[in-house]
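Colleague: sequence-free structure coming up:
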């Protein structure tokens, strides 16, 4: 029967990380619990929603944890409730003791709280991934790639494969990451410093967003292990498992144009604010679009909503080359794209009013390209 | 037809204050608009939800407003949408021009936004309160009184009069403010510095909360005018009208006990944290109560939930006098009471397990008294 004492704040922090994998409204009720596993090495907190699973290990060697383990075991506790109780405790230390089968007493200061738990045997087994040589990435770099691509994945379940982000490693070091919802696409390419085994996986964008929340910037590198239908991101203390999406990701290379007729360089902040104004009124129109007009080197944005009113404005540019053009599109797609850019300037290249246009950062040499499909209007 | 220019940020701030009286889901659609009234003296922004009305005046003399009035008039604009549009404008100044009947053009930097408005004749008339000698109060003091009492008002419409706070001035300077939802009561009494006309009104607690949000701490004093069924709070620029509740407020004086058998002084923060722990488990019990046990000078809190678990804890006290007692109550009432106290220590006085108990600040001489009714348990 479990017995340990631990620093309350560190324990709470670890619980809150694990909690990110736990939904209180899971269709499988047992998955609303956190599994607490106490071994001689430390305490492991396990949570899962069936899609992603997080194992968070607090080592006996971690001095900040002040972990004193007297007796070992496993138990399940209702995650949200348990976290609320722990965070309400008065003292800096808490004592966690199993007093009888699946019943624990938390003691902290003069407060003594008894909670009913569940038998840990009821918890599903998290599939283990056999140890192999991992791909090692800087956490910051991986989070940057996620930030640049995951937003463009679909949120609709009509084509499930498009709800993921396609990660492909070829020639042992060429990484390509693509997401598209068929209206817009975002692609980041880079060359890894070290060789690794090639892979081709589609990771749910929702899992990637959780990854970004769980792996804080103080975790320098992350090891990535692949299995048939799962991927494991691992740091010293955290193991983050996510299911992969099954099926073939569409060939996106053929969608990317290379020849253009009109090219404009904008200040990112200016353009974004202009599109946000346009969106206020375009969302009250039938097709929800803004019209961008390029004429004699002057770029302007126009929205006309018969009910609400209209926007007309000139947008400052750094450079305009090529043909005049009038093109309509959903300003939200452009706003999302500009948010994903880490650069001050953006170059947008057009072919015609009915062909997708591309955005690339104008002041970095990163291989980061976005594509937005226009809307045909009359 | 209106034409003026104004500092965008100051205009936005004024709009956001007026917006507090405007609900976008009002049963009377015209009340989702803001009325903009331009005279030679300045611009007035008017909003109302039928219960409260706010008139916010921006004077031509206010240098921060940079107000330049070219032409006068009135118009109604959809409040939420108009505020979003104004806040999206690129420049520090905006030009507001009515171009044809009920249609305006906002120009700011290179952005030009045309909006459709409505005829100001459609707006209901806000009842005016005839000028009389006002009661003048420090804004801070009035907000403190509201904070100490309004939370105890009822949120149920079953006895509408209890959703208000009872303000009574007697003997020209004795102010008594009371709220109760029949389970708990909060009463603040104070002596005004200047004589005023006596009054006896019941102000909706919701209006008082809005008052506290609208009248920021930089507004030093507020003038209060009374009419039959309305009250007006007025500062230099803001007129805040609210309807009063009709009916007789119950006599609460007879509820307040004076003789007690047990008296305890607690540290407010300690007691509140203890009650918050108790509430975590009491909310999972049938009657939702915590049991407070006073025995041989030791005070302890107990909750037992058959499903979830239990809490047992000793609570530190500064002083315990009188008889032993065991009493049960809803910890939320005690938590709310302690939040309303501005003191470090609280004295709680009990008669018996079935009679209401009182809370008073232990370290100030303010006349501030709260009452909580216990719950009978078996």
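Modeller: Thanks, I have the structure now. None of these values were measured; they are calculated from a predicted model.
Colleague: how far off centre is stretch A:12-20?
Modeller: Centroid separation for stretch A:12-20 versus its chain: 17 Å, with C-alpha atoms, centre = their mean, to the nearest Å.
Colleague: hang on, I meant stretch A:358-378
Modeller: That offset, for stretch A:358-378, works out to 21 Å (C-alpha atoms, centre = their mean).
Colleague: mind listing what's buried in it?
Modeller: Applying a neighbour-count criterion of 16 or more other C-beta atoms under 10 Å in any protein chain shown, one finds A:358-362, A:366, A:368-375 buried in stretch A:358-378. Where C-beta positions appear, they are placed from N, C-alpha and C, glycine not excepted.
Colleague: what about stretch A:319-335 and chain B, touching?
Modeller: No: using C-beta under 8 Å from any C-beta of the partner chain, stretch A:319-335 never reaches chain B; the gap is at least 11.8 Å.
Colleague: what ranges do the helices span in the stretch 251-378 of chain A?
Modeller: A:268-282, A:331-340 (DSSP state H, counting those that start in this stretch).
Colleague: for those helices, give me CSV that also has mean pLDDT and mean neighbour count.
Modeller: Converted to CSV, these look like this (pLDDT from 0 to 100; neighbours: other C-beta atoms under 10 Å in any protein chain shown):
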stretch, mean pLDDT, mean neighbour count
helix A:268-282, 96, 22
helix A:331-340, 98, 20
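Colleague: looking at the ones you listed, which is closest to residue A:306?
Modeller: Nearest to residue A:306, of all these, is helix A:268-282, at 10.8 Å by C-beta to C-beta.
Colleague: ok, residues contacting that closest one?
Modeller: Contacts of helix A:268-282 with the rest of the structure, by C-beta atoms under 8 Å, 6 or more residues apart in numbering or on different chains, involve A:288-290, A:301, A:303-305, A:308-311, A:313, A:315-316, A:330-332, A:334-335, A:338-339, A:341, A:343-346, B:81, B:84-85, B:88-90, B:111, B:113.
Colleague: the same query, at a cut-off of 6 Å, please.
Modeller: Defining contact as C-beta atoms under 6 Å, 6 or more residues apart in numbering or on different chains, one finds that helix A:268-282 is touched by A:288-290, A:301, A:303, A:305, A:308, A:311, A:315-316, A:331, A:334-335, A:338, A:341, A:346, B:84-85, B:88.
Colleague: which of the buried residues of stretch A:358-378 fall within strands?
Modeller: Judged by DSSP state E, the buried residues of stretch A:358-378 include A:358-361, A:368-372 as members of strands.
Colleague: quick check: residue A:68 vs chain B, distance?
Modeller: 22 Å (C-beta to the nearest C-beta, to the nearest Å).
Colleague: for that residue, what are its contacts?
Modeller: Applying C-beta under 6 Å, 6+ apart, the residues near residue A:68 are residue A:5.
Colleague: my guess is residue A:369 contacts residue A:188, does it?
Modeller: No: checked against C-beta atoms under 6 Å, the pair residue A:369 and residue A:188 is beyond contact range at 8.0 Å.
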